[in-house]
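**Q** please find the sequence and the predicted model below.
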Amino acid sequence: MEVNQKLEQVNSQLDEMLKTLDWERDDLKKWYENQQTLVPCPNQPQHHSIPMSLVEHHKQHCPMDNGQHHHDMNKKK
């Protein structure tokens, strides 16, 4: 199957899935872009930023938590 045909097929399948959610492809794109927006780290905002989609996970696993520094990243808590 040609690449363009495969791409059309995948896009068609994606459109069908999005219809079940009452979404369009632009809605998905906007949601994804929003989730990738960088926000300050909740533990050490002055040190680094993270994608919005990872905030909850990052709160639990941030190497900067509890006053640690980046060179301590490999040490167990």
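**A** Received it, and whenever you're ready, just let me know what you need.

**Q** so which elements touch the top helix by length along the chain?
**A** When the chain is parsed with DSSP state H, its longest helix is helix 3-20. The contact analysis (3 or more Cβ pairs under 8 Å, 6 or more residues apart in numbering; DSSP states H and E) places helix 3-20 against helix 25-36. Where you see a C-beta, it was placed from the backbone N, CA and C, and this is true even at glycine.

**Q** and the helix or strand following the helix it packs on, how far out from the chain middle?
**A** Using DSSP states H and E, the helix or strand that follows helix 25-36 in sequence is strand 38-40. Distance of strand 38-40 from the chain centroid (Cα atoms, centre = their mean, to the nearest Å) equals 11 Å.

**Q** against which helices or strands is strand 38-40 packed?
**A** strand 49-51.

**Q** partners of the strand it packs on, with directions?
**A** strand 38-40 (antiparallel) (DSSP bridges).

**Q** avg pLDDT for the strand it pairs with?
**A** Average pLDDT, strand 38-40: 91.

**Q** returning to what we had before: now the longest helix of the chain: average pLDDT?
**A** Mean predicted confidence for helix 3-20 is 93.

**Q** now do it and helix 25-36, the angle between them.
**A** 80 degrees (axes from the mean of the first three to the mean of the last three Cα atoms, to 10 degrees).
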